[in-house]
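Colleague: any chance you can model this:
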Amino acid sequence: MVGCIAQRLPTSHATMTITTIQTEPRMTNSTNSLPAAHGGRLINLLASGAKLEQLQQLATTLPAITLNERQLCDLELLLNGGFSPLTGFLNQADYDSVCKNMRLADGTLWPMPITLDVSAEQAAKLSIGDQITLRESEGMALAVLTIESLWEPDLMAEAKHVFGTDDSKHPAVAWLQQHTGPVYLGGSLQGIQLPHHYDCRHLRHTPADLRNHFEKMGWRRVVAFQTRNPMHRAHQELTFAAARQVEANLLIQPVVGMTKPGDVDYLTRVRCYEELLKRYPEDTTMLSLLPLAMRMGGPREALWHALIRKNFGCTHFIVGRDHAGPGNDSNDQPFYDPFEAQRLMHEYADELGIEMVPFKMMVYVQERAEYVPTDEIRAGETVLNISGTELRRRLSKGLEIPEWFTFPEVVEELQRRYPPRAKQGFTIFFTGLSGAGKSTIANALQIKLNEIGTRPVTLLDGDIVRTHLSSELGFSREHRDINVCRIGYVASEITKNGGVAICAPIAPYAATRQQVRDMIEPLGGFMEVFVSTTLEVCEQRDRKGLYAKARRGEIKEFTGISDPYEQPQNPELELDTALLSPEQSVQKILIELERAGLLSIRR
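Modeller: Residues are numbered from 1 along each chain as shown. Purely as a prediction, here's the structure:
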């Protein structure tokens with residue numbers, strides 16, 4: 001359970017009225033009465049009193065849309081003022097201007113499009129002027145949207161304008177390609193309540209909460225630190241230096257919405273932050289969580305983060321090397337120059353309303369036994385650093401993590417969440433044509449792993465899943481994708497809880513297999529096994545006569561005949577059962593598992 005180390009503030013409930021802010025449901029640009037030192041105009045879109053009751057009744061009569069995780073994060077920050085001056089999801093004119101010019105249509109600086117995407121089927125039932133209820137997954141009404149714009153955006157043009165690329169290795173581009181509906185709705189919002197959070201309630205604050213707290217504590221200068229990773233000694237030294245430089249109190253405000261796929265889960269990170277907070281001087285530093293859906297947009301995202309922190313009452317914002325960068329592209333080159341974000345912040349410094357505190361990477365100098373910025377290293381000094389990749393390697397192998405890098409209590413939290421590979425769950429994901437031998441190998445592997453006995457093993461064979469999990473699905477491309485994603489979800493839960501999932505669908509499409517990999521790899525081991533037995537051999541083995549029926553046209557959309565099979569390009573293992581017996585195939589898998597550190601076979 002997350003302990004309460006940070007200063008407690010009143011928890012924000014849907015019915016709470018912030019007395020310093022007008023709470024009219026219409027977008028009347030209600031303003032916070034706190035001094036300008038704690039941010040400018042703050043818009044609160046939550047209704048109250050009689051108007052809230054009217055809105056609640058109206059919401060029950062309107063068509064509704066259930067929001068996904070990213071939309072929920074955006075809505076929360078729209079309603080509570082974190083996205084001030086926005087008064088709703090962008091209409092088409094604002095969207096076009098933000099994408100091309102980083103400004104709203106009226107010229108106000110705003111670098112990130114905040115959009116509400118829907119399916120074509122949902123959009124076909126809506127018109128401009130309509131009102132719709134926005135709900136979370138359990139059906140709770142959160143807001144009413146009045147539609148001002150309804151259009152089909154060019155998603156790849158958006159990707160190039162906003163993120164500078166259409167490369168699917170960029171997380172935001174991948175989201176646009178794989179998860180974004182083809183129609184955008186724009187319009188003003190009337191808020192009913194904020195999304196409800198059951199966790200870390202003592203660390204969740206609205207912009208008004210923080211502004212009021214800073215005023216009460218006399219914190220006239222507050223520097224914010226943004227992070228989506230655990231914090232270690234280098235981060236502590238960086239924040240110490242930033243606070244000293246601008247003579248400010250420190251707000252550590254990590255993102256706990258959507259971050260980069262594969263990041264450490266936020267509850268583990270929160271426990272690490274709370275342990276680290278004990279190392280800061282009392283009453284100088286505060287921890288607060290930001291429910292933001294990051295886009296990993298580099299320079300534009302840095303501007304966006306700064307504007308958000310201004311809304312939360314901060315006067316300064318730390319921007320370090322490669323701020324909000326997503327890593328390397330498909331050509332293994334960085335998406336953004338490491339200091340491009342700092343340059344863009346300088347360019348817009350006069351209108352941001354919050355000052356940047358630029359910092360370079362901090363590294364440990366062995367001879368001095370302290371952390372220094374990279375540009376202060378002297379000739380001949382020994383620099384020690386542990387990258388994120390190296391940290392993950394040490395955790396996966398149970399190796400020592402030195403105290404100069406991070407504090408023991410942080411290591412303990414990370415080790416608890418990320419045990420050594422030999423104790424993690426994993427998934428074996430077979431793919432190949434019908435009749436290739438996937439089920440035979442999978443059954444033999446299940447027996448062998450049960451014999452070894454280190455983890456519980458679950459078999460998710462194609463026929464088993466079709467009977468018990470996907471009996472209502474057909475064999476269209478859409479239904480095959482749904483079936484494989486269901487398998488992936490179940491396997492991810494098994495893997496997360498330390499078990500072994502053996503999956504043996506045909507899984508003909510590369511994009512869907514990648515979705516499954518993305519679901520599982522952050523949680524444990526994942527091994528894709530391509531059973532590459534040829535079509536000719538599979539047809540010869542076909543005891544049910546399915547291939548013959550497909551060639552006669554009696555079965556439509558049959559993989560390998562009337563529907564393509566997209567071969568894996570980089571599977572962890574490839575097996576041809578025309579050349580290998582089931583026993584030999586299983587032995588190769590066990591060797592690969594042992595090599596990957598996922599299995600320790602007693603000999």
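Colleague: surely residue 260 meets residue 296?
Modeller: Yes: using CB atoms under 8 Å, residue 260 makes contact with residue 296 at a distance of 5.6 Å. Every C-beta, even on glycine, is put in place using the N, C-alpha and C of the backbone.
Colleague: in this protein, which helix or strand is least confident?
Modeller: helix 462-468 (a mean of 83; mean pLDDT, DSSP states H and E).
Colleague: what does that one contact?
Modeller: Residues from elsewhere that reach helix 462-468 (CB atoms under 8 Å, 6 or more residues apart in numbering): 438-439, 473, 483, 486-487, 504-506.
Colleague: among these, which one has the most neighbours?
Modeller: residue 504 (30 neighbours; other CB atoms under 10 Å).
Colleague: so who does that one touch?
Modeller: Per CB under 8 Å, 6+ apart, neighbours of residue 504: 430, 438-439, 441-442, 459-462.
Colleague: returning to what we had before: of the contacts of helix 462-468, closest to residue 49?
Modeller: residue 486 (45.2 Å; CB to CB).
Colleague: tell me which element residue 185 is part of?
Modeller: According to DSSP states H and E, residue 185 maps onto strand 183-191.
Colleague: which other helices and strands does that strand contact?
Modeller: If you count contacts as 3 or more CB pairs under 8 Å, 6 or more residues apart in numbering; DSSP states H and E, strand 183-191 packs onto helix 69-79, strand 88-89, helix 92-101, strand 116-118, helix 120-123, strand 141-151.
Colleague: overlap in contacts of residue 260 and residue 296?
Modeller: Counting by CB under 8 Å, 6+ apart, the residues touching both residue 260 and residue 296 are 171, 326.
Colleague: quick one, which of these two is more surrounded?
Modeller: residue 296 (22 against 17).
Colleague: before we move on, what SS does that one have?
Modeller: Here residue 296 is coil, with the state taken from DSSP: H, G, I helix; E, B strand; the rest coil.
Colleague: quick one, helices of the stretch 401-550 of the chain?
Modeller: For the stretch 401-550 of the chain, the helices defined by DSSP state H, counting those that start in this stretch occupy 408-417, 438-452, 462-468, 477-496, 510-520, 535-540, 546-551.
Colleague: now do the contacts for residue 384.
Modeller: 363-366, 404-405.
Colleague: narrow the residues you listed to just the buried residues.
Modeller: Neighbour counting over the contacts of residue 384 (16 or more other CB atoms under 10 Å) leaves 363-365, 405 as the buried ones.
Colleague: just curious, which of these is nearest to residue 349?
Modeller: Of the buried ones among the contacts of residue 384, the one sitting nearest to residue 349 (CB to CB) turns out to be residue 363, at 27.6 Å.
Colleague: ok, back up a step: which of the helices of the stretch 401-550 of the chain comes out lowest on mean pLDDT?
Modeller: Note on these: helix 462-468 shows the lowest mean pLDDT, a mean of 83.
Colleague: any idea how far it is from the chain center?
Modeller: 31 Å (CA atoms, centre = their mean, to the nearest Å).
Colleague: could you do stretch 134-147 as well?
Modeller: Using CA atoms, centre = their mean, the offset of stretch 134-147 from its chain centre is 22 Å.
Colleague: quick check: buried residues in that stretch?
Modeller: So stretch 134-147, judged by 16+ other CB under 10 Å, has buried residues 134-136, 141-147.
Colleague: now do the domain split for this structure, please.
Modeller: According to automatic domain parsing, the chain comprises the domains 36-191, 421-595.
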